[in-house]
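Visitor: no FASTA, just this:
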């Protein structure tokens, strides 16, 4: 019976230690660049608008384990689902596909206009 008690205690400790492991997203990120790309509805290049890559300085975003984030635009909340992150800031909701590779975060969104699609890709380090 004593062994059973030790096993329960040990499994509780292991379970709690797994729950405390941080998601790699939970940290402060420095936005370093934004790439804007324009497409036709069929995803071919939209020739009437120039694509651009802008470097970005002094923009930091912090994702916290409690589901909140801090950004220059204000503080909000987020949820994760598979490869997507859903942000809620001042009542406005936005979704991004995200990817974490080698301590680099890429977030991508698509916006439809009447004439074309815009893909915004944000690069964080």
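Guide: Nice, thanks for sending it over. None of the values given here were measured: they were computed from a predicted structure.
Visitor: only C-alpha atoms from now on, for both contacts and neighbour counts.
Guide: OK.
Visitor: what's the closest non-adjacent residue to residue 118?
Guide: Nearest residue to residue 118 in three dimensions, chain neighbours excluded: residue 38, at 4.7 Å (Cα to Cα, 6 or more residues apart in numbering).
Visitor: for the host helix or strand of the one you found, packing partners?
Guide: Per DSSP states H and E, residue 38 falls inside strand 28-39. Here strand 28-39 touches strand 52-55, strand 60-63, strand 117-124, going by 3 or more Cα pairs under 8 Å, 6 or more residues apart in numbering; DSSP states H and E.
Visitor: so for residue 45, which of these sits nearest?
Guide: Proximity to residue 45 (Cα to Cα) singles out strand 117-124 among the helices and strands packed on strand 28-39, at 9.6 Å.
Visitor: which residues touch the closest one?
Guide: Residues outside strand 117-124 that contact it (Cα atoms under 8 Å, 6 or more residues apart in numbering): 29-41, 43, 104-112.
Visitor: now, of those, which are buried?
Guide: 29-34, 36-40, 105-110 (16 or more other Cα atoms under 10 Å).
Visitor: now for the one helix or strand residue 93 maps to, which elements pack on it?
Guide: Using DSSP H and E, residue 93 maps to strand 92-101. Under the contact definition 3+ Cα pairs under 8 Å, 6+ apart, strand 92-101 sits against strand 84-89, strand 104-112.
Visitor: mind running it again at 10 Å?
Guide: Where contact means 3 or more Cα pairs under 10 Å, 6 or more residues apart in numbering; DSSP states H and E, strand 92-101 is packed against strand 74-81, strand 84-89, strand 104-112, strand 117-124.
Visitor: tell me where this protein is predicted with low confidence.
Guide: 1-21 (pLDDT under 70).
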